[in-house]
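Participant: mind folding the following:
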Amino acid sequence: MRLVDHPSGGDTVPHAIGALLAVLRTEPEEIREATRLVAERIEQQGSVDVAMAVRRLGAGLAELADATGELGWERQVEEAPEPTEEAEPSDDGETGLQRPELRMAIQVTCATALAIMLGQLVSPNRWYWAVITAFVVFISTNSRGELLVRAWQRTAGTVLGVVAGILVAAQITGNTLAEIAMILVCVFLGFYFAGYSYAVMTFFITTLLGALYGMLGTFNVAVLEARLWETAVGAAPGALAAVFVLPTRTRSLVRDNIQDFLLSLRDFLRGTGTEISEQGTANGLQESMRELDDGLQRVINSAKPLTSYRLRSLRSQVQRSVSMLSGCAYYVRNLAVALSATADMVDDDTRNRLSELLWALADAVESMTDEAQVSFEAAMTSAHRTADALHDIAESLTDGPTSLHRSIRWLDRTAQVVEDLARELGAATPEKQPIG
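Facilitator: As a prediction, the model looks like this:
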């Protein structure tokens, strides 16, 4: 309705809507392509605002087509007499060796087989330590970088733990109370530091073994030495399997997680703008904010092998991208708080302008993803135009700083970090232009 009522639309609006509705029953990708063509034609005619509105309408139609397609699929599944394997697509569209769970299963199997052979050569009686190491280094890892870091941490923690275990056993063997106390302390510290450093956890667990063998009267330096070598020959097959058997590159995983974060940010901005425009409020933002924070945490975790364990010259680009994404989440979190109060105190015209700015920023964020339907420059041009109007409104207020001023300030900072991120990711190379 906003597009139909647009004052500068003229005769282009009916043709634009008709072209989009004509493909509504086709695939969502065809809708997106039709949207792009129609919007570009309108933009060439000089109606930039109408082109932006067409793009938003096309995005909504594509989402509607996606939703109705999924609904139709669910109804087919419910009505089918017997479900078949062909009627159960993968959640992420990946099949065969592209599925991460299958790739990891093959990697673990290869690593375990090699660990059994190497472990038998080192110690026929305790070869299972190598197998356990080859298995556990894959737990909670999603890329070869994460696994290599985990394998190195387990080996380093074991080396230091063997030395500490020998020293502890030599000091407290025969003193039952001291041995029990040391075992309990190692258990506590091992699990306390599990979330901070895997190497520290491994250190305390290995130290615990020294105290435990001393308590059982079976302590032998050779046993801890065997554990050290078994850990090393168990970590090596895990690292080899991660590097040479169906590897998942860390940068590819980080790139995918950044894409997911940007799509969550787009949905947050677009959904907030829609809520303000249709309901005049901005209160239902908690769930979207949680999804955004979860996405940011996935990016940070997957990027750790590139940001924490590499030379500074090699990690700077990834670190800058992660810092900018963290800035986006921080500014948007504060923006959500400010908008909750602002939406209630401003008039309809100001609410509409806030919605327009949020939609334009959502389009700018989307332009950095694979689902881009509008250029970054066009989206930011619209954002700057709307932001200027909001600044004029805010300056006309005589009551001093209000929630509107706070919202505009957080919108300015969000727009600035989005521009910086677009340049960092190579989505745009415009000259830096302040919004305010």
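Participant: got a pLDDT number for residue 329?
Facilitator: Residue-level confidence at residue 329 comes out at 90, pLDDT.
Participant: buried ones in the host helix or strand of it, by neighbour count?
Facilitator: Using DSSP states H and E, residue 329 falls within helix 312-345. Under the neighbour-count criterion of 16 or more other Cβ atoms under 10 Å, helix 312-345 has 315, 318-319, 321-322, 324-325, 327-329, 331-332, 334-340, 342-343 buried. (Glycine included, C-beta is placed from N, CA and C.)
Participant: run a quick neighbour tally on residue 393.
Facilitator: 16 (other Cβ atoms under 10 Å).
Participant: any idea how far it is from residue 42?
Facilitator: 28 Å (Cβ to Cβ, to the nearest Å).
Participant: what do you get for residue 356?
Facilitator: If you go by Cβ to Cβ, the gap between residue 356 and residue 42 works out to 17 Å.
Participant: packing partners for the helix or strand containing residue 271?
Facilitator: If you go by DSSP H and E, residue 271 is part of helix 250-279. For helix 250-279, the elements it packs on are helix 144-172, helix 286-307, helix 312-345, helix 348-366, judged by 3 or more Cβ pairs under 8 Å, 6 or more residues apart in numbering; DSSP states H and E.
Participant: worst mean pLDDT among those?
Facilitator: Minimum mean pLDDT among the helices and strands packed on helix 250-279: helix 312-345, a mean of 82.
Participant: how about residue 219, phi and psi?
Facilitator: Per-residue torsions, residue 219: phi -70, psi 140 (degrees, to the nearest 10).
Participant: also residue 247?
Facilitator: phi -70, psi 150.
Participant: who are the contact partners of it?
Facilitator: residue 144 (Cβ atoms under 8 Å, 6 or more residues apart in numbering).
Participant: how far away is it from residue 335?
Facilitator: Between residue 247 and residue 335 the computed distance is 39 Å (Cβ to Cβ).
Participant: ok, now which ones touch residue 410?
Facilitator: By Cβ under 8 Å, 6+ apart, the contact list for residue 410 reads 331, 332, 334, 335, 338.
Participant: try 6 Å
Facilitator: By Cβ atoms under 6 Å, 6 or more residues apart in numbering, the residues touching residue 410 are 331, 334, 335, 338.
Participant: which one among these gets closest to residue 283?
Facilitator: residue 338 (12.8 Å; Cβ to Cβ).
Participant: return the distance of that closest one relative to residue 277.
Facilitator: Counting by Cβ to Cβ, the gap from residue 338 to residue 277 is 17 Å.
Participant: just give me the neighbour total for residue 196.
Facilitator: For residue 196, using other Cβ under 10 Å, the count is 9.
Participant: give me phi/psi at it?
Facilitator: Main-chain dihedrals, residue 196, degrees, to the nearest 10: phi -100, psi -50.
Participant: residue 211 versus that one, what's the distance?
Facilitator: Taking Cβ to Cβ, one finds residue 196 at 22 Å from residue 211.
Participant: likewise residue 111?
Facilitator: 30 Å.
Participant: the more surrounded of those two?
Facilitator: Counted by other Cβ under 10 Å, residue 111 and residue 211 do not tie: residue 111 has more neighbours, with 29 against 26.
Participant: surely that one touches residue 134?
Facilitator: Yes - if you go by Cβ atoms under 6 Å, residue 111 and residue 134 touch, sitting 4.4 Å apart.
Participant: common neighbours of the two, please.
Facilitator: Common neighbours of residue 111 and residue 134 (Cβ under 6 Å, 6+ apart) are 237, 238.
Participant: cool, thanks, signing off.
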